[in-house]
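> whatever this is, show me its structure:
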Amino acid sequence: MKVLIIGSGGREHALSLKISQSPLIKELFCAPGNPGIFSSLKDLKRVDIETHEIEKLLKFSLDKQIDLTIVGPEVPLSLGIVDLFLANGLKIVGPTKNASKLESSKSFAKNIMEKGRVPTASFKSFFKVSEALDFIKDSDQNCFVVKCDGLAQGKGVVVCQTKNEAYKAVKDFMSEAVLGFIVDHLIIEEMLVGLEFSAFALCDGLDFVFLGSACDHKRLRDDDHGPNTGGMGAYAPANFLSLDDIEKIKETIFKPMLGAMNNEGTPFSGILFAGLMKTNQGFRVIEFNVRLGDPETQVILPLFEDDLLPWFFASSEGKISELKNQSKSPLKMMNMKALHVVMTSFGYPGTEGVKIRLGDELTFDESFHLSPNDYLFFAGVKNKDEKFYSNGGRVLGVTSVAETYLHARARAYDYMSKIKLQDGHYRLDIGRGLS
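Model (predicted):
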């Protein structure tokens, strides 16, 4: 089968690696990818088309007779790439433009959750700065979560421990253009208390298969200090979930959400990513995304023993139930732990008044040699004269898989210590305290 993966980061590197291992692969393409991905996967073919150029991606896929396309980032989904490909008879893994509003519109997602009785935090929507500030001022609560309603590459959420922090978050989004644009629609939520994690399901509109869980470290600095980022590291599976918990997540989150989306006339196909909180009152949805997470993908995919490609294909054809019936134990995962650490460029994430600096050289110690259960995933890099240079906020990440979190963590940090980037930054506490 000919497969196209759309995207250019660490998530797409992990996807490309996993799909390349399938015996069903004839040709594998990545658009646009990055030089690090192609240097480590020699048979992967580069497509020089950006992720937002969906008409060009369509033409390429038709010309090359691509059998299946897998979309990594959210932007092409929000632009309607799935609708476009389906209208032209192409199979693609991902939700339609309307279904993608689960991620691109927090208010849409909240309304669907209400209709489907999917447990989530209470919230209010605001379109004016003054109304949002008045709500905070008059509230009996002191802690809030302030979210911009649209896409913000993981930087549109601020957890506020005081009213002053909430005031600042509202003004930053709606007056100061801290994201590079003025946010015209905000959601202010109650702050949930509990253990936060991510859970993933591969869906086909009617049915789904569970893809596992992970814990992501969002803040820039150790001990969860500093601004929110796209993700500084992750580990999988979430260490506090029991088998019973996973069944509850399937029954109270994913199953009713698929039903509610169907009832709205927007059936959901592709990856449904639930950001969840395990509270004393049960599981609560923080938010939904409509694609694989980054860096969660880099810790979840290496744990799968089974070939994922037939499942992705079943998602595109509405045949997940059929494949589940054929498989005695769908999607077998290793009884192992995985941990991923991200290295970033100086200035990342660019929200502290410092511009992200690009173009610094990456070097690796001579002793840097990956073992079979360890992975180097490139994200924001470019190359020149056979050398790598930083070309994005998140530059690369290392994943290690071991029998315990402790061993995976030790190996990942050992590798990170052998990678040099001027003023490069990575957290030192990913998975700290786990055994």
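
> quick one: buried residues of stretch 169-176?
By 16 or more other Cβ atoms under 10 Å, the buried positions in stretch 169-176 come out as 169, 170, 172, 173, 174. C-beta: built from backbone N, CA, C; applies to glycine.

> next up, the contacts around residue 374.
Neighbour list for residue 374: 398, 399, 400, 401, 411, 412, 415 [criterion: Cβ atoms under 8 Å, 6 or more residues apart in numbering].

> and of those, the nearest to residue 310?
Minimum distance to residue 310 across those is 22.6 Å, recorded for residue 401 (Cβ to Cβ).

> who is the residue nearest to residue 64 when sequence neighbours are not counted paired with across the strands?
Leaving aside its chain neighbours, residue 64 sits nearest to residue 2 (6.4 Å; criterion: Cβ to Cβ, 6 or more residues apart in numbering). On the basis of DSSP bridges, residue 2 is bridged to residue 27.

> mind listing what residue 2 touches?
Residue 2 makes contact with 26, 27, 28, 29, 64, 65, 66, 67, 68 under the criterion Cβ under 8 Å, 6+ apart.

> show me where the stretch 201-350 of the chain has its strands.
Counting by DSSP state E, counting those that start in this stretch, one finds strands in the stretch 201-350 of the chain at the ranges 208-221, 225-236, 269-279, 282-289, 337-344.

> show me which residues of the second one are buried.
By neighbour count with 16+ other Cβ under 10 Å, strand 225-236 contains the buried residues 226, 227, 228, 229, 230, 231, 232, 233, 234, 235, 236.

> from residue 310, how far off is the fifth one?
Put plainly, it is residue 230. Taking Cβ to Cβ, to the nearest Å as the measure, residue 230 and residue 310 are separated by 30 Å.

> surely residue 88 touches residue 59?
No: look at residue 88 against residue 59 with Cβ atoms under 8 Å: they stay out of range, at 9.7 Å.

> follow-up on the earlier one: now the contacts of residue 374 in a markdown table, with distance to residue 98, secondary structure and pLDDT?
Formatted as a markdown table, the contacts of residue 374 follow (distance: Cβ to Cβ, whole Å; DSSP: H, G, I helix; E, B strand; the rest coil; pLDDT from 0 to 100):
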| residue | distance to residue 98 | secondary structure | pLDDT |
| --- | --- | --- | --- |
| 398 | 38 | strand | 98 |
| 399 | 34 | strand | 98 |
| 400 | 40 | strand | 98 |
| 401 | 38 | strand | 98 |
| 411 | 43 | helix | 98 |
| 412 | 39 | helix | 98 |
| 415 | 42 | helix | 98 |
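
> any of those residues buried? List them.
Buried residues within these, counting neighbours by 16+ other Cβ under 10 Å: 398, 399, 400, 401, 411, 412, 415.

> tell me the contacts of the closest residue to the fourth one other than its chain neighbours?
What sits nearest to residue 401 in space, not counting adjacent residues and going by Cβ to Cβ, 6+ apart, is residue 373, at 4.2 Å. By Cβ under 8 Å, 6+ apart, the residues touching residue 373 are 302, 336, 400, 401, 402.

> try 7 Å
Applying Cβ atoms under 7 Å, 6 or more residues apart in numbering, we find residue 373 in contact with 400, 401, 402.

> what's the separation between the residue nearest to the spatial centre of the chain and residue 96?
The residue lying closest to the centre of the chain (Cα atoms, centre = their mean) is residue 293, at 1.4 Å. Separation of residue 293 from residue 96 (Cβ to Cβ): 20 Å.

> and for residue 396?
Distance from residue 396 to residue 96, by Cβ to Cβ: 33 Å.

> residue 359: neighbour count?
Residue 359: 11 surrounding residues under other Cβ atoms under 10 Å.
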